[in-house]
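*Asks:* Next one to model:
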Amino acid sequence: MSLLLNCDLGESYGSWTMGLDAAVMPFIDQANIACGFHAGDPLVMQNTLALAKKHDVMVGAHPGYPDLVGFGRRSMNCSKPEIIAFMHYQMSAIWGMAKAQNLSLDYVKPHGALYNDMMANIDVRCAIMQAIAEFPYPITLMLQATPAYKVHQKEAEQLGIKLWFEAFADRCYDDDGKLLSRTQVGAVHNKEKMIAQVEQLCAHGTVTTVSGNSLAIHADTLCVHGDNMEGINAIQEVRERISK
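*Replies:* Numbers count the residues shown, from 1 in each chain. As a prediction, this is how the structure comes out:
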């Protein structure tokens, strides 16, 4: 399996610093850049885009619920028009700032609770897909690779949009293909298990679930996290594994 490498970046805000963006950027293919609703202010967005340009990394919008206090990790009961509107607002912000640096906006990966709600709720997912379909430039949607990927592919085709399916390097999977809740023990892999999961994905296109079952994952891109130096070192090893 040939995989791109993506990472959530640009999530600092004001005097609050999140992540080690400059250390991560040289090793990834895709930067999911916060758009100001869960994190990321204009200067942070501008600087993160400049880093992506320097390292020839694809730019993606990383929109979330309007939830700075909760870092976008709390679900909100938003209507379809509200979801479409805040998606367009955030996509437009990062698209415009990217254009100012002669960069393109290639894709959208929702953040946090919005991502989880997209995967669990067809109404939220359809609203997000419609927002992307109505955007004046072609944009790809990144969403989680699950056993239901063909259903999601059909939903996207009906609206004329393209999908990239995402696997996770450092997260444990349930038997149904969902990510194990962070509230459960073992939800986040240590470095050794993360590297083993990456090697298994590349070699066999599968992951081992929490109960020990083998689950097929149809993925185009792999998410890594780099908010500490241990994570940065792990990203370097992941890069080596998927580049073989």
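*Asks:* and the helix-or-strand element of the chain with minimal mean pLDDT, what does it pack onto?
*Replies:* Sorting the helices and strands of the chain by mean pLDDT, DSSP states H and E puts helix 229-242 at the bottom, at a mean of 83. Judged by 3 or more C-beta pairs under 8 Å, 6 or more residues apart in numbering; DSSP states H and E, helix 229-242 is in contact with strand 4-9, helix 21-24, helix 191-204, strand 221-224. Every residue, glycine included, has its C-beta placed from N, CA and C.
*Asks:* list the buried ones in stretch 75-92?
*Replies:* By 16 or more other C-beta atoms under 10 Å, the buried positions in stretch 75-92 come out as Ser75, Met76, Cys78, Ile83, Ile84, Phe86, Met87, His88, Gln90, Met91.
*Asks:* Repeat that for stretch 10-27.
*Replies:* Neighbour-count burial for stretch 10-27 flags Gly10, Glu11, Ser12, Tyr13, Met18, Gly19, Leu20, Asp21, Ala23, Val24, Met25, Phe27 (criterion: 16+ other C-beta under 10 Å).
*Asks:* that older thread, could the buried residues of stretch 75-92 go into a markdown table alongside secondary structure?
*Replies:* A markdown table is the format used below for the buried residues of stretch 75-92 (DSSP: H, G, I helix; E, B strand; the rest coil):
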| residue | secondary structure |
| --- | --- |
| Ser75 | coil |
| Met76 | coil |
| Cys78 | coil |
| Ile83 | helix |
| Ile84 | helix |
| Phe86 | helix |
| Met87 | helix |
| His88 | helix |
| Gln90 | helix |
| Met91 | helix |
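*Asks:* Specify which member of the residues you listed is nearest to Thr48.
*Replies:* The closest of those to Thr48 turns out to be Gln90 (C-beta to C-beta; 14.1 Å).
*Asks:* Pick the one among the buried residues of stretch 75-92 closest to Val188.
*Replies:* Taking C-beta to C-beta as the measure, Ser75 is the one of these closest to Val188, at 20.4 Å.
*Asks:* Perfect, I'm done here.
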